[in-house]
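Novice: one predicted model, sequence on top.
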Amino acid sequence: MRLELEKRAESSASFALISPFLALGLTLFAGSIMFSLLGHNPIRAMYIYFIEPLSETWSLHELAIKAAPLILIATGLSLCFRSSNWNIGAEGQFTMGAVAGSIIPVLMPEQNGLWVLPMMLLCGIVGGALWGSIPALLKNRFGANEILTSLMLVYVAGLFLDWIVRGPWRNPGGYNFPETRGFSAGQILPEILDSGRAHYGALFALLGVIIAWFVLARTIKGFEIQVVGEAPRAARFAGFDTKKTTLYVFLVCGGFAGLAGICEVSGAIQQLRPVISPGYGFTAIIVAFLGRLNPLGIFAAGIILALSYLGGEAAQISLGVSNKIGNVFQGLLLFFVLACDTLIHYRLKLVPTRDGAGIAQEATHGAD
Amino acid sequence: MNMGKIVTIIIALAVAIGGAIWWQMNQVDPEDAKLAGAEACFIYVGPVGDFGWSYQHDQGRLAVEKELGVKTAYLESVPEGADAERAIERMARSGCKIIFTTSFGYMDATNKIAAKFPDVKFEHATGYKRDHANVSTYSSKFYEGRYIQGVIAARISKTGVAGYIASFPIPEVVRGINAFILGAQSEDPDFKLKVVWVNTWFDPGKESDAAKTLIDQGVDVITQHTDSTAAMQVAAERGVHAFGQASDMIEFGKETQLTAIIDDWAPYYVERTKAVMDGSWGQIDVWHGMDHGNVVMAPYTNMPDDVAALAKATEAKITSGEFTPFTGPVIKQDGSEWLKWNEVSDIGTLLGMNFYVEGVDDKLPN
């Protein structure tokens, strides 16, 4: 007897519904075993992971701060991936958005008017979009592989940021340390509520999700993106311009990532530094697929991933476990979610094996 | 039994067990789940097992536990930026009385959180901002050890050229490079120093490439301002000498390591935690060195006795305060005079150092 995956004729609606809960159940189960083996009370460990970060106001704010850039970038990425444009350079677009958005606060620190913040955000979007357009143009003009070009541009962007904060934009009063001057009050994205640090970036993420969902589900453009991705030939017959779509999704994705970049810098860090992102652009790829490339799913996935970061820290402090345990636990969660999603499109089937002679024969052939 | 049934049963079981755990979780008392009374807390930029910077800070934490019997907690590999702010706030809310933030990049986050928690004491390593009365800063004069390394290198090297694997062109690192060449020149005025910038604190691959490049260029003594043991291992393979960084790395180069600069944070961490416990904690800005036991030299090995004796003598002079490495005459790389005869550098210039002295065979990246 052996197990086989058999493709379903139609994806299973009931499994699409059950899958997340099944994954959560399995994660809790496997996580409990892991923590028991480590000598901790598994119930308490699970509590620290999933409930504690949600039980206090400040921690909810932190959750929003951590989730917002992931959600915003992943939403942009979903448009790219839906149209089979494999943009894996969101990290670079995030960085360039942050740099472009910081032009005003760094070069004109005395500017504090009401126009400053909107202008910074706009610069961030444009900077990210322009950076995102490079792989699109290279793909359209020369047929260059966008996976490679977009990834390479991440390093270019990272080194550019590094150079600019060590060189021309270095804080004159900062003992030569590699950072720009701190942004002044009017250049900082304000907090939404008095109760915590969450800034307007979280609201933009929500807005981005709604817009992307609307575009994908309700507009011709959204239909075009999906047709180009799933059936390029059909798209051509329908008169959709593949190249224009490529440029469009890269511009939008770059803009989203750029907005996330300037929000992170203006709202959370409040100056430019050599490193401004703990890999948001790459983690967002996971979030995009975890959310099944659906903006609403991405919203949930972003929050879950952010929660696993916060929970990991809580566990480090409260249980004294290494941060590697947090990583393993995060891996468990992702594994179960993706594994359970398989059941939406496939069904498990037990196949009786052939007789012993058949196996022996196969083995001899294998040895050839 | 058919597969569908098995799958259904597995699903039912998983959901049932998951549900049971979920229900149990909601019975946990929130206060009980919080920290079990850790009072001294530490935040590290790298993993505690890196055998370098973060590892040494963690050794300090263990000393606090051992000597004072105080419960401690730590967070490792915390990225600088928004994550650091959250991590520090979590500690402050968990009941930590004193929080050591052990990387330069935590400076602003530390000060921001300190404003919110006036009763918690904050100690930030290598920074200069003390915006609130509950923030102190501390660092160590590692350049004192660099000077001694330079003295040894000049006596050991046959080619008259040493190699320096440098991380980032910040004052701390530039200071080390200058101290090294000044030490070397005190023995051999024509001594030269080659520098390779790897732009990372910890990347064994890049560090070993840098070591190979330097050796290929005729360097026969290597020192590093990065955290891994890779360069030591390359030096051992190629039969040249090297200095350990942050920790004693003799295990990785028994015939190779001349000495190592060991960051010993334990005395400071114990002293400050004790001060919080007995209520005598006050804001300070310290920059201790060998005199306070914060910079320690590993045993002088793999060198002739006279060189070891010279190194020990230099160490004794620096420890007693009789001599400081940045004492004139010193000429800058561009040929202008920096320190006159017997003039000692002021602290401000050291803290913001962004120039090389004569003898460094490299252009400082800007």
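Specialist: Received the coordinates, thanks. Keep in mind the model is a prediction, meaning the values are calculated, not measured.
Novice: flag every buried residue along stretch A:16-29.
Specialist: Residues of stretch A:16-29 classed as buried: A:18, A:19, A:20, A:22, A:23, A:24, A:25, A:26, A:27, A:28, A:29 (neighbour count, 16 or more other Cβ atoms under 10 Å in any protein chain shown). Using the backbone N, CA and C atoms, a C-beta is placed for each residue, glycine as well.
Novice: run through who's touching that stretch.
Specialist: When contacts are defined by Cβ atoms under 8 Å, 6 or more residues apart in numbering or on different chains, stretch A:16-29 is touched by residues A:46, A:300, A:332-333, A:336-337, A:339-341, A:343-344, B:11, B:14-19, B:21-22.
Novice: could you report the neighbour count for residue A:222?
Specialist: 17 (other Cβ atoms under 10 Å in any protein chain shown).
Novice: any idea which helix or strand in the chain has the lowest mean pLDDT?
Specialist: Because you didn't say which chain, this covers chain A. The helix or strand of chain A with the poorest confidence is helix A:356-367; it has a mean of 48 (mean pLDDT, DSSP states H and E).
Novice: can you look at chain B instead?
Specialist: For chain B, counting by mean pLDDT, DSSP H and E, that's helix B:30-33 with a mean of 56.
Novice: report all helices and strands that the next helix or strand after it contacts.
Specialist: Note on helix B:30-33: by DSSP states H and E, the next helix or strand toward the C-terminus is strand B:40-43. Using 3 or more Cβ pairs under 8 Å, 6 or more residues apart in numbering or on different chains; DSSP states H and E, the elements in contact with strand B:40-43 are helix B:53-68, strand B:72-75, helix B:82-93, strand B:98-101, helix B:266-277.
Novice: out of the ones you listed, which is the most enclosed?
Specialist: Most buried of the helices and strands packed on strand B:40-43, by mean neighbour count (mean count of other Cβ atoms under 10 Å in any protein chain shown): strand B:98-101, with a mean of 29.
Novice: let me see the contact set for residue A:125.
Specialist: A:97, A:255, A:258, A:259, A:262.
Novice: er, residue B:303 actually
Specialist: By Cβ under 8 Å, 6+ apart, residue B:303 lies in contact with B:152, B:155, B:156, B:258, B:311.
Novice: could you report the neighbour count for the fourth one?
Specialist: Translated: residue B:258. The burial count for residue B:258: 27, using other Cβ under 10 Å.
Novice: which secondary structure state is assigned to the residue lying closest to residue A:145 once chain neighbours are set aside?
Specialist: Spatial nearest neighbour of residue A:145, excluding adjacent residues (Cβ to Cβ, 6 or more residues apart in numbering or on different chains): residue A:139 at 7.5 Å. Following DSSP: H, G, I helix; E, B strand; the rest coil, residue A:139 is assigned to helix.
Novice: pretty sure residue A:139 is touching residue A:146, no?
Specialist: Yes. Contact status for residue A:139 versus residue A:146: in contact at 4.7 Å, counting by Cβ atoms under 8 Å.
Novice: common neighbours of the two, please.
Specialist: A:85, A:246.
Novice: could you check the pLDDT of the residue nearest to residue B:187 when sequence neighbours are not counted?
Specialist: Distance criterion Cβ to Cβ, 6+ apart; nearest residue to residue B:187, sequence neighbours excluded, is residue B:154 at 3.7 Å. Looking at residue B:154, its pLDDT stands at 96.
Novice: same question, residue A:26
Specialist: For residue A:26, the predicted pLDDT is 87.
Novice: ok and the residue in chain A nearest chain B?
Specialist: residue A:25 (2.6 Å; Cβ to the nearest Cβ).
Novice: host element of that residue?
Specialist: Using DSSP H and E, residue A:25 falls in helix A:13-37.
Novice: show me chain B divided up by domain.
Specialist: B:36-140, B:143-263+B:295-361 (automatic domain parsing).
Novice: could you redo those domains as JSON lines and give each row distance to residue A:118?
Specialist: Output for these, formatted as JSON lines (distance: least, Cβ to Cβ, whole Å):
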{"stretch": "domain B:36-140", "distance to residue A:118": "22"}
{"stretch": "domain B:143-263+B:295-361", "distance to residue A:118": "35"}
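Novice: quick one, helices of the stretch 251-366 of chain B?
Specialist: For the stretch 251-366 of chain B, applying DSSP state H, counting those that start in this stretch gives helices covering B:266-277, B:305-320, B:347-351.
Novice: mean pLDDT lowest where, among these?
Specialist: helix B:347-351 has the lowest average pLDDT among the helices of the stretch 251-366 of chain B, namely a mean of 87.
Novice: show me where the stretch 101-250 of chain B has its helices.
Specialist: B:107-116, B:143-156, B:171-187, B:204-216, B:230-238.
Novice: can you put the ones you listed in JSON lines and add mean neighbour count?
Specialist: Listed next are the helices of the stretch 101-250 of chain B as JSON lines, based on neighbours: other Cβ atoms under 10 Å in any protein chain shown:
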{"stretch": "helix B:107-116", "mean neighbour count": "21"}
{"stretch": "helix B:143-156", "mean neighbour count": "26"}
{"stretch": "helix B:171-187", "mean neighbour count": "24"}
{"stretch": "helix B:204-216", "mean neighbour count": "19"}
{"stretch": "helix B:230-238", "mean neighbour count": "22"}
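Novice: those: which one's closest to residue A:213?
Specialist: helix B:107-116 (34.4 Å; Cβ to Cβ).
Novice: right, quick check: the closest one against chain A, any contact?
Specialist: Yes. Judged by Cβ under 8 Å from any Cβ of the partner chain, helix B:107-116 and chain A are in contact via residue B:108.
Novice: spatially nearest residue to residue 140, not counting backbone neighbours?
Specialist: You didn't say which chain, so I picked chain A. Distances taken as Cβ to Cβ, 6+ apart put residue A:243 closest to residue A:140, at 4.3 Å, once the chain neighbours are dropped.
Novice: nope, chain B please
Specialist: Spatially, and ignoring its direct neighbours in sequence, residue B:140 is nearest to residue B:294 (4.3 Å; Cβ to Cβ, 6+ apart).
Novice: how about that neighbour, what does it touch?
Specialist: B:140, B:141, B:263, B:264, B:265, B:267, B:268, B:288.
Novice: ok, now residue B:7?
Specialist: So, once contact is read as Cβ under 8 Å, 6+ apart, residue B:7 ends up touching A:343, A:348.
Novice: and it, how far is that from residue A:22?
Specialist: 10 Å (Cβ to Cβ, to the nearest Å).
Novice: quick revisit: nearest to chain A, of the helices of the stretch 251-366 of chain B?
Specialist: In terms of Cβ to the nearest Cβ, the element of the helices of the stretch 251-366 of chain B nearest to chain A is helix B:347-351, at 5.5 Å.
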